[in-house]
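Chemist: Requesting a structural model of the entry that follows:
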Amino acid sequence: MASRTQIVCLCEGEKGKSIDEVFINRLIKSLDPSWLRPLRGSNTLRIVSCGGRTQVIEKMPQELKNCIKVGSNTTLMVFAECDHDCVDGNTLKADFWKESQRQSITKEDFDSVVFIFAKDRLENWIEYLQTGKCNEDVESPRVRNDREVADAARKLASFCRDGKQIDGLPPSLKWSCKKLAIASSSH
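Modeler: Alright, predicted model coming up:
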């Protein structure tokens, strides 16, 4: 990890084959967290595509240890999906905590991680951000256009940063938006 990296984001998907990296990159840059240090030529954001959710869970504790080793100015964010076998974000977070305990992570260190969990996939959020509607029980169609992905991420950043009450916000988006709002104003 470069010593200037300030945010490390773990996510599902394969590098170059998923919209996750484009979405996360634009979301973080649009949130423009107040605690980011202005560095020229630095790599403030590093996105690590891990494959599936199980791989993200297994990799998270070691990445957290790496962030702690680098210093308190590095934040770990974890983007994952609550698929059919996961009730909600709190349930998935408990899976991360179980693995973290197995790898000797303290509760205090674990609580420093910012968790962002979509239901099934980010396309559900994109559908909602584009149309104002989505059914999280059904996977939304795949989005392949990077511009659409980036526009949706900018819109989400605006919602979360402004803390607006929005009618019909999908449950996973509401849960995650609260986490993003807290993360962008603290640390």
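
Chemist: for the protein, where's the lowest mean pLDDT among helices and strands?
Modeler: helix 171-185 (a mean of 81; mean pLDDT, DSSP states H and E).

Chemist: And the contacts of it?
Modeler: With contact meaning Cβ atoms under 8 Å, 6 or more residues apart in numbering, helix 171-185 is reached by 27, 31-34, 75, 77, 82, 88-89, 114-119, 124-125, 128, 136, 156-157, 159-161, 163, 169. C-beta here means a position set from N, CA and C on the backbone, and glycine is covered the same way.

Chemist: for the protein, which spans come out with low pLDDT?
Modeler: Counting by pLDDT under 70, the chain shows low-confidence ranges at 1-5, 34-43, 72, 185-187.

Chemist: cutoff 50 now
Modeler: 1-2, 41 (pLDDT under 50).

Chemist: which residue is nearest the middle of it?
Modeler: Geometric centre of the chain, nearest residue: residue 79, 3.3 Å, by Cα atoms, centre = their mean.

Chemist: ok, the one helix or strand that one maps to: who's next to it in the sheet?
Modeler: Residue 79 belongs to strand 75-82 when assigned by DSSP states H and E. Here strand 75-82 has these sheet partners by DSSP bridges: strand 7-11 (parallel), strand 114-119 (parallel).

Chemist: Run the chain-centre distance for the helix or strand just after that strand.
Modeler: Moving toward the C-terminus from strand 75-82, the next helix or strand (DSSP H and E) is helix 89-102. Distance of helix 89-102 from the chain centroid (Cα atoms, centre = their mean, to the nearest Å) equals 15 Å.

Chemist: if we can go back for a sec, identify the residue spatially nearest to the residue nearest to the centre of the chain, adjacent ones excluded.
Modeler: Distances taken as Cβ to Cβ, 6 or more residues apart in numbering place residue 11 nearest to residue 79, at 4.1 Å, with adjacent residues excluded.

Chemist: got a list of what that neighbour touches?
Modeler: Neighbours of residue 11 in contact, by Cβ under 8 Å, 6+ apart: 18, 20, 21, 24, 47, 48, 49, 50, 56, 78, 79, 80.

Chemist: 6 Å instead?
Modeler: The contact partners of residue 11, by Cβ atoms under 6 Å, 6 or more residues apart in numbering, come to 20, 49, 79.

Chemist: I'd like the distance between the last one and residue 171.
Modeler: Just to be clear, that refers to residue 79. Note on residue 79: its distance to residue 171, by Cβ to Cβ, to the nearest Å, is 17 Å.

Chemist: Find the residue closest to residue 146 in space, skipping its chain neighbours.
Modeler: Nearest to residue 146 is residue 22, by Cβ to Cβ, 6+ apart, at 5.0 Å.

Chemist: what residues does the strand holding residue 79 touch?
Modeler: 7-12, 24, 53, 56, 60, 63-64, 67, 92, 113-121, 187.
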